[in-house]
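> below are the sequence and a predicted model for it; my questions follow.
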Amino acid sequence: MSTEPVTVLEARNLVKQYPGVLAVNGVSFTVPEGTCFGLLGPNGAGKTTTVEIIEGVTRATSGEVYYCGEIAGDRFRQESGIQFQNTALQDHITVRETLEMFQALYERHADLEHVIAQCSLGELLDRDNRKLSGGQRQRLLLAVALVNRPRLVFLDEPTTGLDPQARRNFWTLVQRIRDDGATIVLTTHYMDEAQILCDDIAIMDEGKIISQGAPAKLLFDRYGDTLVNLPRGEVRRPNLEDLFLDLTGHLLRA
Amino acid sequence: MLRRIYAIFLARNREFIRDRASLSWNLILPVALVFGLSFAFDGQRDEFTVGVLQQAEEVDAATHPFFATPYIDFVTYQDLDAAMVKVERHQLDLLVDPGPPLRYWVNPESAKGYFAELALKQSVAARNGTLVKQQITGEPIRYSDWVLPGILGMNMMFSCLFGVGYVIVRYRKNGFLKRLRATPLSAFEFIAAQVASRMVLIMLITSFVFAGTHLLLDTRMEGSYATLFLVGLVGAISMISLGLIVSARVTSEELAGGLLNLINWPMMMLSGVWFSLEGAGESLQALSKIFPLTHVLDAARAVTLDGATFLDIAPSLAALVVQSALFLVIGSAIFRWEQY
């Protein structure tokens, strides 16, 4: 019997051309089931556009997206969960009502109480969406992405703007979701986040993938046993941030 | 599909009902307007209005000295029965058929009719002409009777256009529409939920305000409540659909507000909310028919003031149904979830 993991998601040669800007330029990758795939890149690299094409909220100029071997369509919408970078929720609606509304939009249902416990929302169920802190809000948006028991979860810069405690808490949540069997596609600016959570990463710049593979392998391929000298005579191993800066440069991005 | 529509419908209703400021405004504004106008204008029509039975549109002051009387507004009528109803309701102070012989109709219960009759007799006496007098009796239609459908219609117009158009633009701008797009919800289901939600809310509000003012001011109601409800229902759908067209692509609340006002103001001024367009030119009257509110008010006043039946107002309802279908098709065809 073959033990080859199932490819849940495949992006084939995605291109997105806006007037005067080639935002995504021939991006291809595959994501095996049960893994966490990280899409990294500086601001304006095209990672959010790439993910939004895959999610079906932005139309590609060309290229295809396959979900479990078939063109992503109705089944993909039913079986995927998405946490966008910036999403407003309805005013005057409570956390529980928000979760119930989103759950009613799907044929597949997760056990809502399990999702609430998983995302630590038990104390907030009767609170108005407007009255949530940044971390609470991100946990609610993650819970919204889980109400349909998704096989594939997209997290677009989920920890941007959170304090260190909230970030660590969020990482634990993501690890739990993966342990439950879901496949995760994560976009992030934080290299430590990618290094901890991702099995595979792709680094994008100027609309293209410029490096792809397991974080440890990419680091070894690039640096071998090289050590980094720190100012006070200390040394350390190169990390993902070093690799990222080596590949994408030190210039500020818009 | 119905489960998804119901989920969005329910959430939108909760959002609106819990927004106390919006809800209060929707209830208080029309009530305050009806009571204020009733207090200010009931029985206080300053101008004398005299109907003239003739084919020509304009009354020629040279044909009879009475028609040169200052401070009287002469309005022409071709239909004697319709004009007599106006005299019966004190909406016309006098109705004159130039003849010969010159005939006139007056309501003996109308104070202004009494003085208009004196002016007519004086002008005829100067020419030694003959007059044929006929009397019509009937209770006056107060301004509050006449303006109540107008204010309710105006409130419905604002609520439907802004409550749907503005809200969808806000959803699009803040990314909520994008989030919904990533679910199995279709554009049709989303639009259907928005239409249904606003329709239910505005019908509840309108019914509540109508019942309250009707009870407190004893406003006129000659026809059937069911027929009036049907007029409101079809009118609401039509105006919600118009709001959907504005919101279909716009991403800026400022632009949406401007476009909605561009529709609201001409519709409010030309649909007969505050004053009748009977004396206006034919072209203006024809132009007013492009607005759903005109058909709503024509039908609603026909029911409340004239006791019109479903068949009587069928042309207005048909116009509203056609407009709704047209607006919905256009709105659905150009609808976009995202900002770009």
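All right, it came through fine.
> contacts and neighbour counts: CA atoms only from here.
Noted.
> convert the C-alpha atoms of the helix or strand bottoming out on mean pLDDT in chain B to CSV, please.
One helix or strand of chain B scores below all others by mean pLDDT, DSSP states H and E: helix B:20-41, with a mean of 74. Output of helix B:20-41 as CSV, limited to C-alpha atoms (Å, rounded to 0.1, in the frame of the first residue of the first chain):
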residue,chain,number,x,y,z
ARG,B,20,-31.3,51.6,19.1
ALA,B,21,-30.5,54.9,17.5
SER,B,22,-31.4,53.7,14.0
LEU,B,23,-34.6,52.0,15.2
SER,B,24,-35.7,55.1,17.2
TRP,B,25,-35.1,57.3,14.2
ASN,B,26,-37.1,55.1,11.9
LEU,B,27,-40.0,55.2,14.4
ILE,B,28,-39.9,58.8,15.7
LEU,B,29,-39.3,60.7,12.5
PRO,B,30,-42.5,59.8,10.7
VAL,B,31,-44.6,60.1,13.8
ALA,B,32,-43.2,63.5,14.6
LEU,B,33,-43.7,64.7,11.0
VAL,B,34,-47.3,63.5,10.9
PHE,B,35,-48.2,65.1,14.2
GLY,B,36,-46.2,68.3,13.4
LEU,B,37,-47.8,68.8,10.0
SER,B,38,-51.2,67.9,11.3
PHE,B,39,-50.9,70.5,14.0
ALA,B,40,-49.6,73.1,11.6
PHE,B,41,-51.6,72.6,8.5
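> which residues are contacting it?
Here helix B:20-41 makes contact (Cα atoms under 8 Å, 6 or more residues apart in numbering or on different chains) with B:16-17, B:143-144, B:147-148, B:151-152, B:155, B:159, B:205, B:209, B:213.
> let's see that with 7 Å instead.
Contact with helix B:20-41 is made by B:16-17, B:143-144, B:148, B:151-152, B:155, B:205, B:209, as judged by Cα atoms under 7 Å, 6 or more residues apart in numbering or on different chains.
> again, but for stretch B:203-222
For stretch B:203-222, contacts defined as Cα under 7 Å, 6+ apart pick out B:27, B:31, B:144-145, B:152, B:233, B:303-307.
> rewinding a little: buried stuff in the least confident helix or strand of chain B?
Under the neighbour-count criterion of 16 or more other Cα atoms under 10 Å in any protein chain shown, helix B:20-41 has B:26-27, B:30-31, B:33-34, B:37-38 buried.
> likewise stretch B:134-147?
Within stretch B:134-147, the residues scored as buried using 16+ other Cα under 10 Å are B:136-137, B:140-147.
> which members of these occur in strands, if any?
Among the buried residues of stretch B:134-147, no residue falls in strands (DSSP state E).
> where's the dip in pLDDT among the residues you listed?
Of all these, B:P140 has the smallest pLDDT value, namely 72.
> does the closest residue to A:H109 other than its chain neighbours belong to a helix, a strand or coil?
Excluding the flanking residues, the one nearest A:H109 by Cα to Cα, 6 or more residues apart in numbering or on different chains is A:N148, at 4.4 Å. The three-state label given to A:N148 by DSSP: H, G, I helix; E, B strand; the rest coil is coil.
> can you tell me which residues contact A:N148?
A:N148 neighbours (Cα under 7 Å, 6+ apart): A:79, A:103, A:106, A:108-110.
> could you check how many residues crowd around A:F29?
A:F29 has 16 neighbours, counted by other Cα atoms under 10 Å in any protein chain shown.
> who does it bridge with?
A:A11 (DSSP bridges).
> for A:R139, see how far away it is.
Separation of A:F29 from A:R139 (Cα to Cα, to the nearest Å): 28 Å.
> quick revisit: greatest separation within the buried residues of helix B:20-41: which pair is it?
Within those, B:N26 and B:S38 form the most distant pair, 19.0 Å apart (Cα to Cα).
> and the pLDDT for the residue nearest to the spatial centre of chain A?
A centroid search over chain A (Cα atoms, centre = their mean) returns A:L186, at 1.7 Å, as the residue closest to the centre. pLDDT, A:L186: 90.
> correct me if wrong: it contacts A:L40.
No. With contacts counted by Cα atoms under 7 Å, A:L186 stays clear of A:L40, the gap being 8.4 Å.
> for B:T49, which non-adjacent residue is spatially closest?
That would be B:D73: by Cα to Cα, 6+ apart, it lies 4.8 Å from B:T49.
> so for chain B, the centremost residue is which one?
Closest-to-mean residue, chain B, Cα atoms, centre = their mean: B:L297 / 3.0 Å.
> so who does residue 92 touch?
Unless you meant another one, I'm taking chain A. A:128-129, B:15, B:18-19.
> that was the other one, I meant chain B.
B:49-51, B:86.
> now residue 247, nearest residue through space, not along the chain?
This is for chain A. A:I210 (7.7 Å).
> I was thinking of chain B, sorry if that wasn't clear
Distances taken as Cα to Cα, 6+ apart put B:G165 closest to B:S247, at 4.7 Å, once the chain neighbours are dropped.
> any idea how far B:L148 is from the one you found?
Computed as Cα to Cα, the B:G165 to B:L148 distance reads 25 Å.
> more neighbours, the two?
B:L148 (30 against 27).
> need the nearest residue in space to that one, chain neighbours excluded.
B:L148 sits nearest to B:V34 (Cα to Cα, 6+ apart), 6.3 Å away.
> looks to me like B:L152 is in a helix.
Yes. Secondary structure assignment places B:L152 in a helix (three-state DSSP).
> how many neighbours does it have?
B:L152, neighbours per other Cα under 10 Å, totals 25.
> how big is the angle separating the longest helix anywhere in chain B from helix B:20-41?
Identified as the longest helix of chain B according to DSSP state H is helix B:187-217. Between the axes of helix B:187-217 and helix B:20-41, defined by axes from the mean of the first three to the mean of the last three Cα atoms, to 10 degrees, the angle is 40 degrees.
> what mean pLDDT does helix B:187-217 get?
With pLDDT averaged residue by residue, helix B:187-217 scores 88.
> counting contacts, what elements does the very next helix or strand once past it pack onto?
Remark: after helix B:187-217, the chain's next helix or strand is helix B:225-247, criterion DSSP states H and E. The contact analysis (3 or more Cα pairs under 7 Å, 6 or more residues apart in numbering or on different chains; DSSP states H and E) places helix B:225-247 against helix B:143-160, helix B:187-217, helix B:253-270, helix B:292-306, helix B:314-334.
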